[in-house]
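# One predicted model, sequence on top.
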Amino acid sequence: MTFVPIDQLEEGMTLDRDVYLYDYKTCKMAMLRSGQILTRSYINKLDELDVLGAYIHTDEKKEFFKASSPIKRELKEEAITSVQRVFEMFDKTAQNININCINQTMEVSKKLVNALKNNREANLSIANLKLYDDYTYNHSFGVSVLSIAIGLSLGLKTNDLYELGFCALLHDIGKMSVPIEIIAKPARLTGEEFQIVKQHPAKGAEFFLKHRLANKRICAGVLTHHEKFDGSGYPNGLSGEQIPLFGRIISIADVYDALTSVRPYRNPSTPAETIEYIMGSSGNAFDVSIVEAFLKKVSPYPIGSCVKLSNGEIAIIAEQNECHPLRPVIRLFNYPEKTLDLYRERDFQNIVIDDVCNIAAGQL
């Protein structure tokens, strides 16, 4: 089973999950059932309804781009390539530093900012950001997109967003100083190994300062992306607004992407679990105001998505509760004319969302 975005659906593909459709005007629902063979008319209708894509039955010989995203695949690939090229310069002498690679990465950041600013979808799903198996470069891309989204939510100016995106793309460049056997270790690090890892923010900032490749604001963001709001982070134990804005933003994006990614020593957490963790760490590890900005842009349940509730019922996400993304406003499949607020309505406070069924939106 593979999620295929709408622009890559083809006639003859077989649905592997039901696709639920909801008409916001008539409050009626319909669906294409699992096992349905897609025709051109079905695909055109799904496109008209702004359905993002569908889960398709696939064999091992056929691969698809696995997520729909505000960021086009080509731009993702360009971002990954630019980050890799800069990382490869980490241990080179000044004479071997290619400034064009730095400039290209800033241009990529600008493209990411413009893509997110022009995107009509308000929310991001971390699943939409995954593209490569290589954790380091994929992680850099995901953290950059999430950081820019937070910056947009905070109302940062365009030039600030460009610098933030660039800083986030290269925030982990100092990890090039960490032995690969530690980076890829399929078990928990020892205390000594962790001390080595903790040096990477300073190593990264030192690289940019040494070669004069970025301004002080970007260097400070690289240096402080592992600092925590309560002072328990590293490398300098800064707290509160002693931590520069870029560092406070990237720290949240970094944790979200890391926890929702597959690692050799653990399974990924779900987006909902990770959001709950970040909410619970607000005011301790993370700046409250930036957590609030994050919650407005990143949701585990985008509007129009189909979910299964803990009582077994199927529902469509109708609205977001911005500060409570785990408790949205829903419409039950069996009673689509009525909206239910999982956060405010007492009778439903014991009901939680168990799973995402499929993505659907638009009008029939």
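Received, thanks.

# Ser269 and Ala258 touch, don't they?
No - in this structure Ser269 lies outside contact range of Ala258 using CB atoms under 8 Å: 9.5 Å. C-beta coordinates here come from the backbone N, C-alpha and C atoms, glycine included.

# joint contacts of these two?
By CB atoms under 8 Å, 6 or more residues apart in numbering, Ser269 and Ala258 have no common neighbours.

# was I right about Leu164 contacting Thr158?
No - taking contact to mean CB under 8 Å, the distance of 10.5 Å between Leu164 and Thr158 leaves them out of contact.

# And the helices in the stretch 101-250 of the chain?
Along the stretch 101-250 of the chain, the stretches classed as helices by DSSP state H, counting those that start in this stretch are 135-154, 158-169, 180-183, 191-197, 200-211, 216-223, 245-259.

# chain center to the fifth one, what's the gap?
Averaged C-alpha coordinates place helix 200-211 at 26 Å from its chain's average position (CA atoms, centre = their mean, to the nearest Å).

# tell me the average confidence for that helix?
Over the span of helix 200-211, the pLDDT mean works out to 96.

# Which pLDDT value goes with the residue nearest to Ile182 when sequence neighbours are not counted?
Leaving out its chain neighbours, the residue that sits closest to Ile182 by CB to CB, 6 or more residues apart in numbering is Glu193, at 5.0 Å. Glu193 carries a pLDDT score of 95 in this model.

# re the thing from before, which one of Leu164 and Thr158 is surrounded by more residues?
Leu164 (28 against 12; other CB atoms under 10 Å).

# Now do the contacts for the nearest residue to the more buried one once chain neighbours are set aside.
With sequence-adjacent residues excluded and distances taken as CB to CB, 6+ apart, Leu164 is closest to Gly151, at 4.9 Å. Contacts of Gly151 were listed using CB under 8 Å, 6+ apart, and they are Asp160, Leu161, Leu164, Gly165, Ile249.

# Roughly how far does Gly151 sit from Arg327?
Plainly put, Gly151 is 26 Å away from Arg327 if you go by CB to CB, to the nearest Å.

# now the contacts of Gly151 in JSON lines, with pLDDT and distance to Thr274?
Shown next, in JSON lines, are these (pLDDT from 0 to 100; distance: CB to CB, whole Å):
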{"residue": "Asp160", "pLDDT": "98", "distance to Thr274": "26"}
{"residue": "Leu161", "pLDDT": "98", "distance to Thr274": "23"}
{"residue": "Leu164", "pLDDT": "98", "distance to Thr274": "21"}
{"residue": "Gly165", "pLDDT": "98", "distance to Thr274": "21"}
{"residue": "Ile249", "pLDDT": "98", "distance to Thr274": "16"}
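
# ok, of those residues, which one's closest to Met279?
Out of these, the one with the shortest distance to Met279 is Ile249. That distance is 16.3 Å, counting by CB to CB.

# what domains does the record give for the chain?
Residue ranges of the domains in the chain are recorded as 2-56, 73-297, 306-362, according to automatic domain parsing.

# Mean pLDDT lowest where, among the ones you listed?
Out of these, the stretch the model trusts least by mean pLDDT is domain 2-56, with a mean of 74.

# so who does the residue lying farthest from the centre of the chain touch?
Going by CA atoms, centre = their mean, the residue of the chain most distant from its centre is Gln95, 36.3 Å out. Contact analysis of Gln95 by CB under 8 Å, 6+ apart lists nothing.

# and it, helix, strand or coil?
Gln95 falls in the helix class when you classify it by DSSP: H, G, I helix; E, B strand; the rest coil.
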